[in-house]
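K.L.:
My questions are about this predicted structure, shown below with the sequence.
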Amino acid sequence: MLMQPSQADVRRFFCGVYTKARTGQTLDAIETLASGWIDEHPEYHADLADLDAALRSMQQVSDNRTNPFLHLSMHLSISEQCSIDQPRGIRQAVELLTHRRNSLHVAHHAAMDCLGTMIWESQRAGRAPDGNAYIACVQQNATRD
């Protein structure tokens, strides 16, 4: 079943994970993964600490600031893609990138550029995302110094 959470659902999820982790509540598997990425981004903690403000700010777009909920969602997406190797080859490409950059976090950020480009191009062209181009982009990032 394809899950398509709303923007509000995504914000509720990440704010809820942040609250549960801070208060020592038990996290399920996806929450544990999300909590790890949240820990990697202390600059987002204030955004995650106030669900009401997060929901109020959904329609605000800032050219000079990354959307913390989109950013964390992309980390989760790449983690999930790697765990099931879908699109085929993404696990190896991200592992190579992680090795070359000496950081899973840095590798994810480079892969996010590729993922974002793939999604943007697919939406612009009105066609399905090109997983092969995505993997090729990640692999190219791994060969650059």
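P.N.:
That came in fine, so what should we check first?
K.L.:
Pop the domain breakdown of this protein in here.
P.N.:
Each domain of the chain is listed here as a residue range: 1-66, 85-145, per automatic domain parsing.
K.L.:
Report the contact partners of R91.
P.N.:
Applying Cβ atoms under 8 Å, 6 or more residues apart in numbering to R91 gives the contacts 81-83, 85. C-betas here are computed from N, CA, C, even on glycine.
K.L.:
ok so, going back, distance to L72 and mean pLDDT added to the domains of the chain, as CSV?
P.N.:
Output for the domains of the chain, formatted as CSV (distance: least, Cβ to Cβ, whole Å; pLDDT from 0 to 100):
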stretch, distance to L72, mean pLDDT
domain 1-66, 5, 90
domain 85-145, 11, 91
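K.L.:
Now render the ones you listed as a markdown table, adding distance to S73.
P.N.:
Shown next, in a markdown table, are those (distance: least, Cβ to Cβ, whole Å):
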| stretch | distance to S73 |
| --- | --- |
| domain 1-66 | 6 |
| domain 85-145 | 10 |
